[in-house]
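Novice: got a predicted structure here, sequence first:
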Amino acid sequence: MRVGSQKVHKKVHAPPWLPINAYSPQWLEGRETLYVKHVLCPKAEPYDFSHALDVIAYVMPQLIFAGLI
């Protein structure tokens, strides 16, 4: 059996070009403006992360079985 790693990679960057609401507002506030503007380049339009009820009904039992919720 493989054990999960506890290593923290501080040089790993967040993925760029995600919708603005995909990033934590507190995390973004802690970044330098130039990094956010020229490296992350977040999309100004927020993404709707909600799902249809049939999708939630399909996924929920799998998440419970996997012990994720």
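Specialist: Nice, I can see it.
Novice: for Ile20, phi and psi?
Specialist: Backbone dihedrals for Ile20, given as degrees, to the nearest 10, come out at phi -60, psi -40.
Novice: so what's the residue count around the closest residue to it other than its chain neighbours?
Specialist: Ranked by Cβ to Cβ, 6 or more residues apart in numbering and with sequence neighbours excluded, the top spatial neighbour of Ile20 is Pro42, at 4.5 Å. (C-beta placed from N, C-alpha, C; glycine too.) Using other Cβ atoms under 10 Å, Pro42 has 18 neighbouring residues.
Novice: does Pro42 touch Pro25 like I think?
Specialist: No. Under the criterion of Cβ atoms under 8 Å, Pro42 makes no contact with Pro25, lying 11.1 Å away.
Novice: tell me which residue is most central in this structure.
Specialist: By Cα atoms, centre = their mean, the chain has its centre lying nearest to Ala22, at 5.6 Å.
Novice: so how far is Val12 from the residue nearest to that residue when sequence neighbours are not counted?
Specialist: Nearest non-adjacent residue to Ala22, counting by Cβ to Cβ, 6+ apart: Tyr47, 6.4 Å away. Separation of Tyr47 from Val12 (Cβ to Cβ, to the nearest Å) stands at 22 Å.
Novice: which of these two has more residues huddled nearby?
Specialist: The neighbour count for Tyr47 versus Val12, taken as other Cβ under 10 Å, is higher for Tyr47 (11 against 7).
Novice: list the contacts of that one.
Specialist: Applying Cβ atoms under 8 Å, 6 or more residues apart in numbering to Tyr47 gives the contacts 18-19, 21-22.
Novice: quick one: low-confidence residue ranges for the chain.
Specialist: Applying pLDDT under 70 to the chain flags residues 1-5, 8-10.
Novice: longest helix in it, please.
Specialist: Longest helix of the chain, by residue count under DSSP state H: helix 53-65.
Novice: in that helix, what counts as buried?
Specialist: By 16 or more other Cβ atoms under 10 Å, helix 53-65 has no buried positions at all.
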